[in-house]
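J.: make a model of this:
(chains A and B)
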Amino acid sequence: MEIKVLGSGCAKCKKTEDLVKQVIGEAKVEATVEKVTDLMQIAGYGVFGTPAIVIDGEVKCVGKIPSKQEILNWIKP
Amino acid sequence: MQMSWKNELKPLGIIIVVFFASFFLPVGVYRFDNALIEGLELVKWYAQEHVLLCLVPAFFIAGAIGVFVSQNAVMRYLGAGAKKTVAYLVASVSGIILAVCSCTILPLFAGIYTRGAGLGPAIAFLYSGPAISVLSIILTARILGPEIGIARAVGAVSFSVIIGFLMELIFKKDEAERSAQIHLPEESSTPRPVYQTILYFFFMISILVFANWGKPDLQQGVWWTVFSLKWVITSVSAVAFGVILVLWYSHQAWKIGLVTVVSAMFAYILPTVPIIAFSAGFIGLTWSASTSGEENGSWIYASWDFTKQILPLLLMGVFIAGFLLGRPGNEGIIPNQWVATLVGGNSFFANFFSSIVGAFMYFATLTEVPIVQGLMGSGMGKGPSLALLLAGPALSLPNMLVIRSVIGTKKTVVFSLLVIIMATFSGMIFGMI
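T.: Numbers count the residues shown, from 1 in each chain, chains lettered A, B, ... in the order given. So this is what the prediction gives:
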């Protein structure tokens, strides 16, 4: 699974990335986490707000820090 | 272990610079010592006059906008399908609710440009956003006076439309096809009737405005009457706000009641120090909100986030402004005469010079306000001050590089030129009024 955290480097984006990594570790799911900071790439997903999470090319969450439970629901098969 | 000298060059350089700076530190030289004291005095003045009564409520309001105002509704009008004229209007004023955090501006700018309503509205948003975010409106009006505060907001909004429109006119050809697929941020709160949101913000803003009501020069008239009643009006607004919190925002009645009683007690015991009662009020509000459900919790969290982000930078900016320029009426390390020669009066050169400086210099969030305050105290004219405020926060050298990565070199250069020209002329016009 390929997880991308989109964000321009603000505190919220950093927190989202940490949270995603933590949940992956706890759920023992095979996944790569990539932080995308390039504005054009972020805009390329059509998200109108950061932080945003993209999992396997699908936008899951925009403009807020998701809860652990939400992340778990997205990554569980 | 083998020491690699190449890696040590940087710390060595830093140590050498710090050493020489310390060695030749001009302590004891009157101008330097005085500038340090000016810096500290200015920080103290801000802490006493502005932090509790003005900044704290402003942070609460900014946090509430992020949580309780539906930003989705606004962003829809910035999408690809929106009508151009509507998109321009929305983009030029939406900074007030969308630009509450400076880190949202650039991603949203890139989004509007590539996926949304296009170059013009994107530029309009980028230009007006930093100038009309709630925090900067409040701080500009409070520190620099309502006149320049209003001029800044009006100037930013109207010029954003003009600059955006010119940009689109100049670069008409290379407007690319866009896909309409966009993802808007999720609503963080359950929708409420509009009148509830309006009343909620009305009373919060009323607390802010009346608690900071300045003493008028004349001891008569409407302004004086309001001034002499300012704490009564503030208290009434606070009680009304409390009632709203209990009725519609799921705060518990006993908590708000307790906070009201404690604040009123402080106001009764220490009537000459209203700041104590005020502080008791917002500490109590924080306690009540953070124990009343997820939504209120995120409100406090968002407000706290702003505080953490902005307060240290602002106080540092205040100190630097005081050190360089002194308090109004006093002199810092830079002689007042220099400031007066360069940006005094309202000449074309003075306005042009401060627009250029503003466009290239980087101001951390809101620090443009104490800097302009210091400059005005040192003899900067009214027009050049507005020019700096208009060109300043929208552009800076690091910002230009980021913008360039989105819209390319040519458009960035044209945009910067337009900003400088517009700021120069609006400064001149404002200086003449």
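
J.: please name the nearest non-neighbouring residue to whichever residue of chain B sits closest to chain A.
T.: Going by CB to the nearest CB, chain A is nearest to B:P185 of chain B, at 2.6 Å. C-beta: built from backbone N, CA, C; applies to glycine. Spatial nearest neighbour of B:P185, excluding adjacent residues (CB to CB, 6 or more residues apart in numbering or on different chains): A:G63 at 2.6 Å.

J.: and the contacts of stretch B:388-403?
T.: Applying CB atoms under 8 Å, 6 or more residues apart in numbering or on different chains, the contact partners of stretch B:388-403 are A:39, B:106, B:109, B:126-131, B:136, B:140, B:148, B:152, B:155-156, B:159, B:354-363, B:368, B:372, B:375, B:380, B:412, B:415-416, B:419-420, B:422-423, B:426-427.

J.: only the buried subset of those residues, as a PyMOL command please.
T.: Applied in PyMOL, the following selects the buried portion of those according to 16 or more other CB atoms under 10 Å in any protein chain shown:
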select buried, (chain A and resi 39) or (chain B and resi 106+109+126+127+128+129+130+131+136+140+148+152+155+156+159+354+355+356+357+358+359+360+363+368+372+375+380+412+415+416+419+420+422+423+426+427)
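
J.: which members of the contacts of stretch B:388-403 occur in helices, if any?
T.: A:39, B:106, B:109, B:126-131, B:136, B:140, B:148, B:152, B:155-156, B:159, B:354-360, B:368, B:372, B:375, B:412, B:415-416, B:419-420, B:422-423, B:426-427 (DSSP state H).

J.: how far is the helix or strand in which B:A87 is found from where the chain is centred?
T.: Applying DSSP states H and E as the criterion places B:A87 in helix B:84-93. Its chain's C-alpha centre lies 21 Å from the corresponding centre of helix B:84-93 when counted by CA atoms, centre = their mean, to the nearest Å.

J.: next helix or strand past it?
T.: Proceeding N to C from helix B:84-93, the next assigned helix or strand is helix B:95-98, under DSSP H and E.

J.: how far off centre is that next one?
T.: Worked out by CA atoms, centre = their mean, helix B:95-98 lies 11 Å from the chain centre.

J.: restricting to C-alpha, output it in PDB.
T.: What follows is helix B:95-98, C-alpha atoms only, in PDB (Å, rounded to 0.1, in the frame of the first residue of the first chain):
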ATOM      1  CA  GLY B  95      -9.000  35.400   3.000                       C
ATOM      2  CA  ILE B  96     -10.900  36.500   6.100                       C
ATOM      3  CA  ILE B  97     -12.000  32.900   6.700                       C
ATOM      4  CA  LEU B  98      -9.600  30.900   4.600                       C
END
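
J.: so is that helix next to chain A?
T.: No: judged by CB under 8 Å from any CB of the partner chain, helix B:95-98 stays clear of chain A, getting no closer than 8.8 Å.

J.: need the contact list for B:F210.
T.: Going by CB under 8 Å, 6+ apart, the list of residues near B:F210 reads B:V226, B:K230, B:I233, B:T234, B:S237.

J.: revised request: answer the last question for B:W223.
T.: Counting by CB under 8 Å, 6+ apart, B:W223 touches B:P216.

J.: pLDDT of the helix or strand where it lies, averaged?
T.: Using DSSP H and E, B:W223 sits within helix B:221-228. Averaged across helix B:221-228, pLDDT comes to 87.

J.: count of neighbours near the residue of chain A found nearest chain B?
T.: Nearest to chain B, among the residues of chain A, is A:G63, at 2.6 Å (CB to the nearest CB). A:G63 has 24 neighbouring residues, counting by other CB atoms under 10 Å in any protein chain shown.

J.: which ones are touching it?
T.: A:V47, A:F48, A:G49, A:T50, A:P51, A:A52, B:Q71, B:L184, B:P185, B:E186.

J.: from the chain's centroid, how far away is the helix holding B:W223?
T.: With CA atoms, centre = their mean, you get 28 Å for helix B:221-228.

J.: same question for stretch B:29-45.
T.: That offset, for stretch B:29-45, works out to 25 Å (CA atoms, centre = their mean).

J.: that one - what's its average pLDDT?
T.: Rounded mean pLDDT across stretch B:29-45 is 92.

J.: what does stretch A:40-52 give?
T.: Stretch A:40-52 comes out at a mean pLDDT of 84.

J.: report the buried residues of that stretch.
T.: Applying 16+ other CB under 10 Å to stretch A:40-52 flags A:I42, A:A43, A:G44, A:Y45, A:G46, A:V47, A:F48, A:G49, A:T50, A:P51, A:A52 as buried.

J.: for B:V29, phi and psi?
T.: phi -70, psi 130 (degrees, to the nearest 10).

J.: picking up where we left off before, closest to B:G63 out of the contacts of B:F210?
T.: Nearest to B:G63 among the contacts of B:F210 is B:S237, at 18.2 Å by CB to CB.
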